[in-house]
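**Q** Here is a sequence with its predicted model. Questions after.
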Amino acid sequence: MKYYSYFPGCSAESTATGLGLSVQAIAKPLDIELIELEEWTCCGSTPYSSLDELESILVAARNLALAEKTGLDLVTPCSSCYITLYKANLYLNEHAQLMGQVNEALAAANLSYQGKVRVRHLVEVVFNDVTPEVIASKVKCELNGLRVAPYYGCQMVRPDYGFDNPEFPHSLDRLVESLGAEAVPYPLKTRCCGGSLIIPEENLALGLIRKLLDNAVSNGAQCIVTPCPLCQTNLDAYQSKVNSKFKTNYNLPILFVSQLIGLALGIAPISLGLNTNIVSPRRVLDHILMAKFYTTQGAKSGT
Amino acid sequence: MKSFVEEVAATPGGENINTCIQCGTCTGSCPVAGEMEYPPRKIIAMIRAGMREEVLSSNSMWHCLSCYMCTVLCPRGVKPTELAHALESKATQQGFRIKGTRTPAMYRSFVSSIKGNGRVHEFGMMLRFYLQANPLAAVKMLPLGLKLFLHKRMPLIPKRVKGKEDLSRIIQKFREIRGN
């Protein structure tokens, strides 16, 4: 068993419920223990750094200081939390004066930060510490015949923090294949979904989402998997808006990679939060997965 | 007094602005360059030409999606994404009113949600944004909000976060330090 400090991020408790649930569900079977950081607060994300860059580093630093006390690596499943915390850590280590000011402020809450935390993305931990080979050996329900478009999004691979290639990454493809599924070629795998600009600039983001859906479908994908809560929400919840705006009829399930791993490990869909996915993945998964999962779930929900 | 370009170069993320060779890779790789008043390459040229008012009142950086494609492709190590964040911060702190984008209002709702709850409460944040920016859009958003709510993805009540008071305390202290 390997131990990590765990930072779920705000979305994992709301718009990306499926992410939070599925990550918790796959951790034990993969022999990783995710210990939630006590009293964590928002990382700040892009909006904070856009309004007050220095203060946004302080907001992230509070979480880094809490993590440092545990002595464990800080792992987050959210790509936005990942780069926000990683970048704040980098800036603090590079700018001694800022580190001094941040520590002076942290002292008001009896905290301090020495700059020693290692910030990691959950997918990187699963890929490097667990490894696709070990995952393959734990698979109980091979996803043979499932064609998956691996969608990395932006902030897991860019800016380049050394985990995977920022333009042509392969880690998600390998993880998908370790489950017995097929990773289809997906040229737009690292292009942007619009991120949080879906709220203020909806039309702009819908155009980007359409391209991503189109590229996956035209490469034969039956579903998209992604690690990122923003990408999943944009592609899943806004899919019907894309359809009405562009007169298209996409019906493409968007799964978190942790949900797909969980299914292959034989975990019940309900424990992976698959009932929170808006485009239902049932149609695609039914003929691949053992029907027993859904009979239990179906009996509960009466469907 | 510092020139505009010196001021930008002294901001985290703006350090390498003077190494730009105006090759346009940033603009070429940007998924939303076409929506910006001035695309990234042009913004850099304008900063170096000292066009402070035009740059800081433009909508350009507010369209940045933080996808970091320009940052990894730039052959000179300029970090246009970080530059966008630095320009947004400057425009905010210097009180520029930005036309042609609702992003600043959304970001303000987001940050006030963090300060108020310790974590982002998405329902509250979106409600506040839509009511301020465009109440009609709030009505249009109802079906989507309902869909998220029915799929257990939109808690109406914010969670109580224990670290909230500590967060306020350190922010307050940081402001005092920076004010000195």
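**A** Nice, thanks for sending it over.

**Q** host element of A:L90?
**A** Element membership of A:L90 [criterion: DSSP states H and E] is helix A:79-94.

**Q** list the buried ones in whichever helix or strand comes after that helix?
**A** Next in sequence after helix A:79-94, counting helices and strands by DSSP H and E, comes helix A:96-106. Across helix A:96-106, burial judged by 16 or more other CB atoms under 10 Å in any protein chain shown covers A:98-99, A:101-103, A:105-106. C-beta here means a position set from N, CA and C on the backbone, and glycine is covered the same way.

**Q** can you narrow the residues you listed to ones near chain B?
**A** Checked against chain B using CB under 8 Å from any CB of the partner chain, the buried residues of helix A:96-106 yield the following neighbours: A:98, A:101-102, A:105-106.

**Q** Mind putting the residues you listed into a markdown table with distance to B:T19 and pLDDT?
**A** Conversion of those to a markdown table gives the following (distance: CB to CB, whole Å; pLDDT from 0 to 100):
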| residue | distance to B:T19 | pLDDT |
| --- | --- | --- |
| A:L98 | 23 | 94 |
| A:Q101 | 28 | 97 |
| A:V102 | 28 | 98 |
| A:A105 | 33 | 98 |
| A:L106 | 34 | 98 |
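
**Q** Can you tell me which of those residues is nearest chain B?
**A** Ranked by distance to chain B (CB to the nearest CB), those are led by A:A105 at 3.8 Å.

**Q** What count of nearby residues applies to the closest residue to that closest one other than its chain neighbours?
**A** Distances taken as CB to CB, 6 or more residues apart in numbering or on different chains put B:F174 closest to A:A105, at 3.8 Å, once the chain neighbours are dropped. Residues near B:F174, counting by other CB atoms under 10 Å in any protein chain shown, number 23.

**Q** Please give the element, helix or strand, for B:F174.
**A** Counting by DSSP H and E, B:F174 is found in helix B:164-179.

**Q** buried sites along that helix?
**A** Quick answer for helix B:164-179 (16+ other CB under 10 Å): B:164, B:166-171, B:173-174.

**Q** which helices and strands does that helix pack with?
**A** When contacts are defined as 3 or more CB pairs under 8 Å, 6 or more residues apart in numbering or on different chains; DSSP states H and E, helix B:164-179 sits against helix A:53-70, helix A:96-106, helix B:103-117.

**Q** repeat that for 7 Å
**A** Applying 3 or more CB pairs under 7 Å, 6 or more residues apart in numbering or on different chains; DSSP states H and E, one finds that helix B:164-179 makes contact with helix A:53-70, helix A:96-106.

**Q** Mind checking those helices for the one nearest to A:E13?
**A** Counting by CB to CB, A:E13 lies closest to helix A:53-70 out of the helices and strands packed on helix B:164-179; the figure is 15.1 Å.

**Q** Parallel or antiparallel, list what pairs with the next helix or strand along the chain from the closest one.
**A** With elements assigned by DSSP H and E, the helix or strand that comes after helix A:53-70 is strand A:74-76. Partners of strand A:74-76 in the sheet, by DSSP bridges, are strand A:2-6 (parallel), strand A:119-121 (parallel).

**Q** Show me the contact partners of the last one.
**A** With contacts defined as CB atoms under 7 Å, 6 or more residues apart in numbering or on different chains, strand A:119-121 is touched by A:73-76, A:79, A:82, A:85-86, A:89, A:156, A:163.

**Q** Alright, that wraps it up for me.
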